[in-house]
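> take a look and give me a structure for this.
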Amino acid sequence: MHAAGLGKQSLLIPKQPLLLLHGLFGFRELGPFVYFHGITEPLKSLGAKVVATRVHPTDSIANRAAQLQTQLSQVLKQYNTDKVHVIAHSMGGLDARYLINKLDWERNIMSLTTLATPHRGSYIADWSVLNIKQKLKIESLFKVLDIPLLAIDQLTPQYINECFNPEITDVPDVQYKSYGAWKQFESKFSYLYYFGQLLAEREGRNDGLVSMDSARWGQSFNEIPNCDHINIINWSESKFDIMPTYQKILSDLYHLEQQRELKWSIR
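Got it, this is the predicted structure:
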């Protein structure tokens, strides 16, 4: 856990709850493993209201978004509020965009911050469809086991750019911000070396699974240098410190709340 850089005096805490959304093949907790590793509890200890959500790891964007509704309702009731902030990693950002646009939760979601979300798809999804789903015939196995495997197809650039983005547009009253990461994958022993090289040839700088260009979305975009796709959720083989990024996110959300309160007080 890399949270040493956070201090109560330096961290501005938003009043509203923060919902954390996981990505493809994700989970909230899996035995001793926590998806947002060493992130949720340190932020809670500083006073933030943090709730990690859970949806099906491989289902469609629409179904995953629908599964968030009950959890969102519970958080609103638990904290006696009508607003939340959403912080979403990878595919979770697409789930959140669908939730806001199609399922009418725009009145309750003040902001969406996406972390390495493939807003324009990823070539790695194309590669996975060809080399994992088709060549290994893994989709047939999933069907036998009655496990949906729609997510990978819906992360391809063709699906996102031709089907998803034209329909799932941003809602004016929700603040959309995004973060993208990039890393030079020089060691062949790195877990994302192969995918990082593949993606670099087609989409440029990337975190091993999502390119910087694809991660860019919303009113502002921030870079996280020397960071890969799972460093963003505090899983690291290189002791990468992601906590300053979450500190900045919380500070930005605090200032957003202050701006909204001022706006309403003037009316």
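> the strands in the stretch 1-150 of the chain, which residues?
Assigned by DSSP state E, counting those that start in this stretch, the strands in the stretch 1-150 of the chain fall at 18-21, 29-30, 33-34, 50-52, 84-89, 109-115.
> would you single out the least confident of the ones you listed?
Among the strands of the stretch 1-150 of the chain, strand 29-30 carries the lowest mean pLDDT, at a mean of 88.
> could you spell out the sheet neighbours of it, each with its direction?
strand 33-34 (antiparallel) (DSSP bridges).
> contacts for the strand it pairs with, please.
Applying C-beta atoms under 8 Å, 6 or more residues apart in numbering, the external contacts of strand 33-34 come out as 27-28, 40, 52. The C-beta positions use only the backbone N, C-alpha and C, and glycine is treated the same way.
> which among those end up buried?
Neighbour-count burial (16 or more other C-beta atoms under 10 Å) is assigned, among these, to 28, 40, 52.
> as JSON lines, those with distance to Gly208 would be great.
Output for these, formatted as JSON lines (distance: C-beta to C-beta, whole Å):
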{"residue": "Arg28", "distance to Gly208": "23"}
{"residue": "Thr40", "distance to Gly208": "23"}
{"residue": "Ala52", "distance to Gly208": "23"}
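> from those, which is closest to Ser187?
Using C-beta to C-beta, Thr40 is the member of these that lies nearest Ser187, at 29.9 Å.
> correct me, but the closest one touches Leu20?
Yes. Thr40 is within contact range of Leu20, at 6.7 Å (criterion: C-beta atoms under 8 Å).
> what sits in contact with each of the two?
Common neighbours of Thr40 and Leu20 (C-beta under 8 Å, 6+ apart) are 50, 52.
> could the strands of the stretch 1-150 of the chain go into TSV alongside distance to Asn231?
Formatted as TSV, those follow (distance: least, C-beta to C-beta, whole Å):
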stretch	distance to Asn231
strand 18-21	16
strand 29-30	19
strand 33-34	15
strand 50-52	18
strand 84-89	11
strand 109-115	10
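> closest to Tyr179 out of those?
strand 109-115 (4.9 Å).
> name the helices or strands packed onto that closest one?
For strand 109-115, the elements it packs on are strand 84-89, helix 92-102, strand 175-182, helix 243-266, judged by 3 or more C-beta pairs under 8 Å, 6 or more residues apart in numbering; DSSP states H and E.
> which helix or strand in this protein has the lowest average pLDDT?
helix 138-144 (a mean of 59; mean pLDDT, DSSP states H and E).
> next SSE downstream of it?
Scanning forward in sequence from helix 138-144 by DSSP states H and E, the next helix or strand is helix 157-159.
> give me the distance from that next one to the chain's centre.
For helix 157-159, the separation from the chain centroid amounts to 19 Å (computed by C-alpha atoms, centre = their mean, to the nearest Å).
> how about stretch 80-98?
With C-alpha atoms, centre = their mean, you get 8 Å for stretch 80-98.
> before we move on, the earlier item: rank the helices and strands packed on strand 109-115 by mean pLDDT and give me the bottom one.
Ranked by mean pLDDT, the helices and strands packed on strand 109-115 bottom out at helix 243-266, with a mean of 90.
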